[in-house]
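**Student:** curious how this folds, go ahead:
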Amino acid sequence: MSTVTDPSEIIDVLRKLQSIDDKIRSVRQGRDGLLANFEKLNKVLEHRDSQLDVMRGKLAEAETWHTKKSNELEVEREKLAVAKNKLRGVTRSREYVAVNRELHNIRKSLGHREDEVKRLTTAIEEFRATIEMENNKVKELRGQADDEAANNSSSLTEMKGHIDGAEERRAAVSKQLDTGIVRRYNRISKARDGVSVTRVVDGVCSGCNMVLQPRFVEQIMRGSSLVQCSHCSRYLFIEIVHDENGQPSVV
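**Tutor:** Numbers count the residues shown, from 1 in each chain. Now for the predicted structure:
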């Protein structure tokens, strides 16, 4: 394929190149959006899993404490049983009063411990329910992540096909241009958000809104030279159509 040298032909090829790059950029943005959403969902899952691990750790600590308090409660019940048996064998009034006082203190301590164990039991049951609810939510989120991963897989494969095809077309179109022009086009693209070729509207560069000198507008109209904006360096073109009489007019 021969290299084009006519300025009007060069700008036509550059516009084709810009159109391909716009397509590639659009597909890549869509792909990056899918990947970003999936990454965000995975981070949410990681955070929720971490929270669940903390909650399970706290539950284990609470259950250990519950076991300890339950054992202490059993010890108090055994003390109460021993004191009751002791009371049955008491014959002297002074000893009876002492043992009865001991029974009173044990019952009081036993009541406190029973209340404590009861509160712990209720709290643990509620906490278990909270953990189960959170675990179900995480399972639901993980199911959504798996579904999204499956859907994304086919979408990403399709997007890759579009990008690969567009890049092949880009390589073929680039061969029509001098390598120096392609390098300059690529430098402008990196510096100007991917837009290297832009239209002139009412004597103004639509890329940076810079008013062009009339002589540059005339050169673009004639197609006598390749013109770049003096402000943003983008390649410039003017859309010209012809009426039924063949008279040109600017779009």
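**Student:** tell me, how many residues neighbour Ile10?
**Tutor:** 20 (other C-beta atoms under 10 Å). All C-beta atoms are positioned from the backbone trio N, CA, C, and that covers glycine.
**Student:** what score does it have for pLDDT?
**Tutor:** Looking at Ile10, its pLDDT is 96.
**Student:** and for Thr130?
**Tutor:** So Thr130 comes in at 97 (pLDDT).
**Student:** show the subsequent helix or strand relative to the helix or strand encompassing it.
**Tutor:** Here Thr130, judged by DSSP states H and E, is contained in helix 93-174. Counting by DSSP H and E, the element after helix 93-174 in chain order, helix or strand, is helix 179-191.
**Student:** now that following helix: average pLDDT?
**Tutor:** 97.
**Student:** quick one: list the elements packing against that helix.
**Tutor:** helix 7-88 (3 or more C-beta pairs under 8 Å, 6 or more residues apart in numbering; DSSP states H and E).
**Student:** can you give the distance of the helix it packs on from its chain's centre?
**Tutor:** 14 Å (C-alpha atoms, centre = their mean, to the nearest Å).
**Student:** ok, stretch 84-101 next?
**Tutor:** Distance, stretch centre to chain centre, for stretch 84-101: 74 Å (C-alpha atoms, centre = their mean).
**Student:** keeping just the C-alphas, turn that stretch into PDB.
**Tutor:** Provided in PDB are the C-alpha atoms of stretch 84-101 (Å, rounded to 0.1, in the frame of the first residue of the first chain):
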ATOM      1  CA  LYS A  84     -29.200 -27.400 102.500                       C
ATOM      2  CA  ASN A  85     -28.000 -30.800 103.700                       C
ATOM      3  CA  LYS A  86     -25.900 -29.100 106.400                       C
ATOM      4  CA  LEU A  87     -29.000 -27.200 107.600                       C
ATOM      5  CA  ARG A  88     -30.900 -30.500 108.000                       C
ATOM      6  CA  GLY A  89     -28.400 -31.800 110.500                       C
ATOM      7  CA  VAL A  90     -28.100 -28.600 112.600                       C
ATOM      8  CA  THR A  91     -29.400 -29.000 116.200                       C
ATOM      9  CA  ARG A  92     -28.200 -25.800 117.900                       C
ATOM     10  CA  SER A  93     -29.900 -22.500 117.200                       C
ATOM     11  CA  ARG A  94     -26.700 -20.500 116.800                       C
ATOM     12  CA  GLU A  95     -25.400 -22.900 114.200                       C
ATOM     13  CA  TYR A  96     -28.800 -22.900 112.500                       C
ATOM     14  CA  VAL A  97     -28.700 -19.100 112.200                       C
ATOM     15  CA  ALA A  98     -25.100 -19.200 110.700                       C
ATOM     16  CA  VAL A  99     -26.000 -21.900 108.200                       C
ATOM     17  CA  ASN A 100     -29.200 -20.100 107.300                       C
ATOM     18  CA  ARG A 101     -27.200 -16.900 106.700                       C
END
